[in-house]
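pasting the sequence and the predicted coordinates here, then a few questions.
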Amino acid sequence: MGFGDLRSAAGLRLLNDFLADKSYIEGYVPSQADIAVFEAVSTPPPADLFHALRWYNHIKSHEKQKASLPGVKKALGKYGPADIEDATGAATDSKDDDDIDLFGSDEEESEESKRLREQRLAQYESKKSKKPALIAKSSILLDVKPWDDETDMAKLEECVRSIQADGLVWGSSKLVPVGYGIKKLQIQCVVEDDKVGTDMLEERITAFEDYVQSMDVAAFNKI
């Protein structure tokens, strides 16, 4: 609808608002577009519409040279903030844009990325669940003391090594003199911390009371 009726207050107000940030109807120099709108206005706009009045006075100064101004006159409705054909075209373009759905591909890509991420997380969790958990182990050096120098140390060691438990592995051993001809059995073992503790070892070893007087932990190291 262009500016509408430029002889009405509403039309002039629309023109004034349009020219608030413009010097001319089109472009940066006076043109036939300005002449077309100028002729439609016909009389100076009121003083309170100072943008329109400033433009009107400026174009009036070019009125005698209007034939030499660039451009080609178009229908009045082609000028202004709302051109009917452009609006229709814009509506059509907008409809076409809706059909194209410019954001659709981004959403689809986002969904695809999300699906892949969830798939990879599931694969990772699956591998993680199948991977053997780290088992905490300790290396323990035990001192097993006999009652006296007449204790059969070979039999004592046999009794100790007869203790079997899940998570317990016996290692090297040796006899260490403690005095008065008495020797203690020093024996190494590796245990899984969650399955075997020193209390259990002491209880099981000292149960061989015919041979064992006591048991002490000489060294304890996490591995």
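Okay, I see it. Just so it is clear, the model here is predicted, and its values are computed rather than measured.

find the nearest non-adjacent residue to residue 165, please.
residue 196 (5.6 Å; C-beta to C-beta, 6 or more residues apart in numbering). Where C-beta positions appear, they are placed from N, C-alpha and C, glycine not excepted.

quick one, strands of the protein?
137-146, 168-179, 182-192, 212-222 (DSSP state E).

with distance to residue 18 added, can I get these in JSON lines?
Shown next, in JSON lines, are those (distance: least, C-beta to C-beta, whole Å):
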{"stretch": "strand 137-146", "distance to residue 18": "85"}
{"stretch": "strand 168-179", "distance to residue 18": "93"}
{"stretch": "strand 182-192", "distance to residue 18": "86"}
{"stretch": "strand 212-222", "distance to residue 18": "83"}
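
output the ones you listed in CSV; the columns should cover mean pLDDT.
Listed next are those as CSV, based on pLDDT from 0 to 100:
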stretch, mean pLDDT
strand 137-146, 96
strand 168-179, 96
strand 182-192, 96
strand 212-222, 95
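
can you put these in a markdown table and add mean neighbour count?
Below are those laid out as a markdown table (neighbours: other C-beta atoms under 10 Å):
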| stretch | mean neighbour count |
| --- | --- |
| strand 137-146 | 19 |
| strand 168-179 | 13 |
| strand 182-192 | 19 |
| strand 212-222 | 13 |
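
out of those strands, which gets nearest to residue 33?
Closest to residue 33 of these is strand 212-222 (C-beta to C-beta; 89.0 Å).

output that closest one as PDB - backbone C-alpha positions only.
Output of strand 212-222 as PDB, limited to C-alpha atoms (Å, rounded to 0.1, in the frame of the first residue of the first chain):
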ATOM      1  CA  VAL A 212      53.000 -72.800  66.400                       C
ATOM      2  CA  GLN A 213      53.500 -70.500  69.400                       C
ATOM      3  CA  SER A 214      52.600 -67.300  67.700                       C
ATOM      4  CA  MET A 215      52.500 -65.400  64.400                       C
ATOM      5  CA  ASP A 216      53.500 -61.800  63.600                       C
ATOM      6  CA  VAL A 217      53.400 -59.700  60.500                       C
ATOM      7  CA  ALA A 218      57.000 -58.800  59.700                       C
ATOM      8  CA  ALA A 219      56.200 -56.700  56.600                       C
ATOM      9  CA  PHE A 220      53.000 -55.600  54.700                       C
ATOM     10  CA  ASN A 221      53.200 -53.900  51.300                       C
ATOM     11  CA  LYS A 222      50.400 -53.000  48.900                       C
END
